[in-house]
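# how would this look folded up:
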Amino acid sequence: MGKHKTKKYAAMKRMIGPKDQRLKEKDRAKVEDKSKVDRSALKEKEVTKYPSCLFFQYNTQLGPPYNILVDTNFINFSIKAKLDVVQSMMDCLYAKCIPCITDCVMAELEKLGLKYRVALRIAKDPRFERLPCTHKGTYADDCLVQRVTQHKCYIVATVDRDLKRRIRKIPGVPIMYISNHRYNIERMPDDYGAPRF
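Numbers count the residues shown, from 1 in each chain. You can find the predicted model right below:
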């Protein structure tokens with residue numbers, strides 16, 4: 001019976017260190033001279049600029065009549081919950097509301113076809129204000145986020161989780177959503193609108 005050689009696990013090849021004397025001068029790692037670093041010099045730091053309409057998280061541009069940017073799925077879910085869009089918004093905020101629809105949202109509703117023709121008819125209501133888009137493409141989420149970032153005078157009405165997550169990162173923009181067969185609002189200053197549930 002011969003001896004069995006046992007395999008060594010976790011055995012590594014030995015590597016030459018980057019500062020080893022056997023390496024050529026050009027391959028050797030350079031030793032940084034730490035004495036030259038001036039610690040008394042001021043460090044420049046980029047600070048994000050916030051608009052003047054914000055007082056901390058409080059948006060001073062918000063006030064009745066409210067401009068509400070409506071997303072595609074918000075209209076569809078309102079129809080499912082049998083809610084009149086304009087009337088339910090007024091019930092939520094206790095003030096006059098102007099629902100605004102961008103060209104991208106209209107394009108998305110038109111793409112959805114005959115199944116969502118009721119939503120398209122609601123979107124073409126004369127009480128809805130139409131906002132023209134200047135950018136390329138018809139992706140409504142990017143359009144709404146870009147518009148809200150530029151102008152902080154809007155409330156965004158959406159049921160989409162990803163869009164809500166993106167808008168929560170922008171300070172001073174309230175979000176309207178549907179829960180328990182009624183409209184609800186988050187991140188709104190307490191002196192405005194209906195009580196939260």
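
# Every contact and neighbour count from this point should use C-alpha atoms.
Fine.

# Okay, strands next: where are they in the protein?
54-55, 58-59, 66-70, 97-102, 129-131, 154-157, 175-179, 182-186 (DSSP state E).

# any chance of those strands in CSV, with distance to residue 122, mean pLDDT and mean neighbour count too?
Below are these laid out as CSV (distance: least, CA to CA, whole Å; pLDDT from 0 to 100; neighbours: other CA atoms under 10 Å):
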stretch, distance to residue 122, mean pLDDT, mean neighbour count
strand 54-55, 33, 74, 12
strand 58-59, 30, 78, 18
strand 66-70, 12, 95, 22
strand 97-102, 11, 95, 21
strand 129-131, 12, 95, 16
strand 154-157, 15, 95, 25
strand 175-179, 17, 94, 19
strand 182-186, 17, 91, 18
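
# Switch these over to a markdown table; also include distance to residue 143.
Below are the strands of the chain laid out as a markdown table (distance: least, CA to CA, whole Å):
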| stretch | distance to residue 143 |
| --- | --- |
| strand 54-55 | 22 |
| strand 58-59 | 21 |
| strand 66-70 | 11 |
| strand 97-102 | 8 |
| strand 129-131 | 11 |
| strand 154-157 | 12 |
| strand 175-179 | 16 |
| strand 182-186 | 21 |
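
# Residue 82 is nearest to which of those strands?
Minimum separation from residue 82 across these (CA to CA) falls at strand 182-186, 9.6 Å.

# how far out from the middle of the chain is stretch 43-50?
21 Å (CA atoms, centre = their mean, to the nearest Å).

# CA atoms of it as CSV?
What follows is stretch 43-50, C-alpha atoms only, in CSV (Å, rounded to 0.1, in the frame of the first residue of the first chain):
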residue,chain,number,x,y,z
LYS,A,43,-10.8,71.5,1.4
GLU,A,44,-13.3,72.5,-1.4
LYS,A,45,-16.6,70.7,-1.3
GLU,A,46,-19.4,70.8,-3.8
VAL,A,47,-22.6,71.8,-2.1
THR,A,48,-25.9,71.0,-3.8
LYS,A,49,-28.0,74.1,-4.6
TYR,A,50,-31.5,74.2,-3.4
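
# Quick one: mean pLDDT over it.
Stretch 43-50 carries an average pLDDT of 73.

# which residues touch residue 128?
Contacts of residue 128 were listed using CA atoms under 8 Å, 6 or more residues apart in numbering, and they are 98-101.

# Closest to residue 79 out of the residues you listed?
Once CA to CA is applied, the member of the contacts of residue 128 that ends up nearest residue 79 is residue 99, at 15.4 Å.

# from memory that closest one sits against residue 127, does it?
Yes: assessed by CA atoms under 8 Å, residue 99 is found in contact with residue 127 at 7.4 Å.

# Kindly list the longest helix within this structure.
helix 140-150 (DSSP state H).

# what's that helix packed up against?
Applying 3 or more CA pairs under 8 Å, 6 or more residues apart in numbering; DSSP states H and E, one finds that helix 140-150 contacts helix 103-111, helix 161-168.

# Thanks a lot, catch you later.
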